[in-house]
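K.L.:
pasting the structure only:
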């Protein structure tokens, strides 16, 4: 069936338009006024990541990640210190209860 179709049905792009069939890349659009490009010029991932890193950790960024990071670090450290103090108190009470139970068992053993 395909052999009976005209050549224009197989390829919707006309054979006269050679650039459309051979050049299949994105076209950078430019404004009509001054021929300025609408989009940013292409750059490597490495330079984009470096620029983003510099923007994020800038001393006065639009979104203050550095300040939030310091605040979060302080919060987490204070919670961990509080948890450690609480664990020490719990372990001290457990040891105290163990000594009391041992003393009670000794008193009961001697009293019988």
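P.N.:
Perfect, I can see it now. Keep in mind that what you see is a predicted model, and the values were worked out from it rather than measured.
K.L.:
okay, and for the protein, where does confidence drop off?
P.N.:
Across the chain, the ranges flagged by pLDDT under 70 are 1-41, 55-67, 112.
K.L.:
what's the single longest helix in the chain?
P.N.:
Criterion DSSP state H: the longest helix present in the chain is helix 65-111.
K.L.:
which elements pack onto that helix?
P.N.:
Using 3 or more C-beta pairs under 8 Å, 6 or more residues apart in numbering; DSSP states H and E as the contact definition, helix 65-111 packs against no other helix or strand. From N, CA and C alone the C-beta is placed, and that goes for glycine too.
K.L.:
could we number from 31 for the rest of this?
P.N.:
Got it, the first residue is 31 from now on, which makes the last one we talked about helix 95-141.
K.L.:
what separation is there between residue 140 and residue 130?
P.N.:
From residue 140 across to residue 130, the span is 16 Å (C-beta to C-beta, to the nearest Å).
K.L.:
those two: who's more crowded?
P.N.:
Neighbours of residue 140 and residue 130, each counted by other C-beta atoms under 10 Å, are more numerous for residue 130; the result is 10 against 7.
K.L.:
who are the contact partners of that one?
P.N.:
The contact partners of residue 130, taken as C-beta atoms under 8 Å, 6 or more residues apart in numbering, number zero.
K.L.:
what about it, distance to residue 123?
P.N.:
10 Å.
K.L.:
got it, and residue 112?
P.N.:
Relative to residue 123, residue 112 is positioned 17 Å away (criterion: C-beta to C-beta).
K.L.:
next: residue 81.
P.N.:
Residue 81 is 55 Å from residue 123, where distance means C-beta to C-beta.
K.L.:
could you do residue 75 as well?
P.N.:
Taken as C-beta to C-beta, the spacing of residue 75 relative to residue 123 amounts to 56 Å.
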